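Enquirer: Fold the following and give me the result.
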Amino acid sequence: MTNELFTPFQINHKTKLQNRLVMAPMTINSSLEDGTVSDQEIDYYQARSSHLGMVITSGAYISPEGQAFANGISAARDSNIPSLHRLASAIKKEGAKAILQIYHGGRMARTNYNENQAILAPSPVKANRPWAHQPKALKEEDIEDLITNFGQASRRAMQAGFDGVELHGANTYLLQQFFSPHSNQRTDDWGNSLENRFEFSTRVIKEVQKTVQDMDKEDFLIGYRLSPEEVEAPGIRIEDSLRFIDHLISAKIDYVHLSVRHYQQASFFVEDNQIEDLPQLIYQHIAGRVPLINVGKVRDGQDAQLALKSGDLVAVGRQLLIDPNWPQKIQDDQAHIAQAIHLNDQDKLAIPDPLWQMITDQSGWIPVDKGEESKKWN
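Expert: Modelled structure (predicted):
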């Protein structure tokens with residue numbers, strides 16, 4: 001059954017992937033200060049792009065005020081195209097499709113990363129984070145500018161040679177903020193009802209689709225990542241997300257990518273009718289209308305097979321960080337798969353210096369073998 005992971009997959013009528021494994025987008029904070037992709041970042045992605053159907057990059061911000069984390073990739077200026085081209089080329093060398101994830105942080109942006117510009121969001125409601133800034137509500141003209149910026153970032157991705165973009169509508173960033181009743185308390189046509197809270201995402205998708213048409217890139221993929229629930233109250237609940245997914249399918253999105261912690265994640269909310277497997281519920285709801293990428297703590301071949309029962313594709317993040325050769329080991333049924341990073345393996349694993357610092361400083365994020373028995377994930 002493991003071989004099913006390595007069968008080709010037709011993601012839409014124009015694009016076929018060489019297999020069903022995807023590198024998940026992971027924030028690695030390793031670009032240069034101006035958003036240029038660094039040499040170390042190129043090496044990192046190239047080392048992890050073989051034996052995969054698709055590689056999704058970490059989030060690239062579409063405009064400077066939307067940067068939510070340090071040293072992220074920029075798709076905000078035409079001057080970024082050359083380094084984006086180097087990144088796309090590095091990913092595609094072994095046959096993987098290269099997808100640039102694009103986002104705007106909204107109220108999750110930070111002034112020390114975004115040239116001290118104002119924090120903008122659908123409504124002036126702070127995020128539930130200790131460091132969060134007070135955002136300003138977006139004006140109508142601001143919203144239109146942001147929609148245009150998503151289209152322009154997609155144009156740059158096409159000119160750089162990427163095979164698609166993934167709209168980052170998860171993890172509480174701007175696209176999710178328009179969808180969420182916690183962050184979107186507007187009373188105009190951009191809020192005030194569930195359907196109106198779909199409108200920003202709809203317009204962004206249409207703008208990117210128009211850009212694809214203008215660029216004559218019919219095989220360019222447009223994916224959408226979403227978090228099916230959020231902990232805030234009021235907040236997004238699974239019933240909302242199922243309706244939103246129907247809306248995305250009607251808008252002709254090419255794939256939906258879940259953002260969950262486990263490929264069999266239960267609902268956050270403990271109730272008599274608690275949902276024990278959100279990905280499975282969503283997969284059954286989609287019923288083959290659009291490809292679904294499942295994700296979350298996929299560590300070995302058995303995990304990947306189980307994840308594939310609730311998705312058409314399986315995304316892998318931390319395990320590829322720990323072991324770039326993981327897909328080949330799975331394909332070859334090799335028993336030994338690294339579960340921790342050794343402190344002397346930075347160069348061998350092609351891990352950029354900023355990411356290495358994060359790994360060694362943040363206990364519990366990535367298992368680190370310090371000469372003792374390798375730690376396992378919880």
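
Enquirer: can you give me the strands for the stretch 101-250 of the chain?
Expert: For the stretch 101-250 of the chain, strands defined by DSSP state E, counting those that start in this stretch occupy the ranges 120-121, 136-137, 164-169, 221-226.

Enquirer: of those, which approaches residue 311 most closely?
Expert: Ranking the strands of the stretch 101-250 of the chain by distance to residue 311, with Cβ to Cβ as the measure, places strand 221-226 first at 13.0 Å. Where you see a C-beta, it was placed from the backbone N, CA and C, and this is true even at glycine.

Enquirer: Which residues does the least confident helix or strand in the chain by mean pLDDT contact?
Expert: Evaluated with mean pLDDT, DSSP states H and E, the helix-and-strand set of the chain has its lowest mean pLDDT in strand 368-369, which scores a mean of 88. Surrounding strand 368-369, the residues in contact under the criterion Cβ atoms under 8 Å, 6 or more residues apart in numbering are 340-343, 359-360, 375.

Enquirer: give me that answer again for 6 Å
Expert: Contacts made with strand 368-369 from outside it, assessed by Cβ atoms under 6 Å, 6 or more residues apart in numbering, are listed as 340-342.

Enquirer: just stretch 14-28 next, same as before
Expert: Contacts of stretch 14-28 with the rest of the structure, by Cβ under 6 Å, 6+ apart, involve 5-6, 8-11, 48, 52-56, 58, 69, 95, 101, 218-219, 293, 295, 313-315, 317, 320, 327, 355.

Enquirer: quick revisit: who wins for neighbours among the contacts of strand 368-369?
Expert: Going through those with other Cβ atoms under 10 Å as the criterion, the one with the most neighbours is residue 341, at 24 neighbours.

Enquirer: what's across from that residue in the sheet?
Expert: In this structure, residue 341 has beta-bridge partners residue 368, where bridges are defined by DSSP bridges.

Enquirer: Quick check: it vs residue 202, distance?
Expert: Between residue 341 and residue 202 the distance, using Cβ to Cβ, to the nearest Å, works out to 42 Å.

Enquirer: what about the nearest residue to residue 204 once chain neighbours are set aside, how many neighbours?
Expert: Nearest non-adjacent residue to residue 204, counting by Cβ to Cβ, 6 or more residues apart in numbering: residue 150, 4.7 Å away. By other Cβ under 10 Å, 27 other residues sit near residue 150.

Enquirer: for residue 150, what are its contacts?
Expert: Shown here is residue 150, whose contacts under the criterion Cβ under 6 Å, 6+ apart are 62, 204, 207.

Enquirer: ok, the first one - contacts?
Expert: The reference is to residue 62. Residues in contact with residue 62, defined by Cβ under 6 Å, 6+ apart, are 75-76, 102, 104, 149-150, 153.
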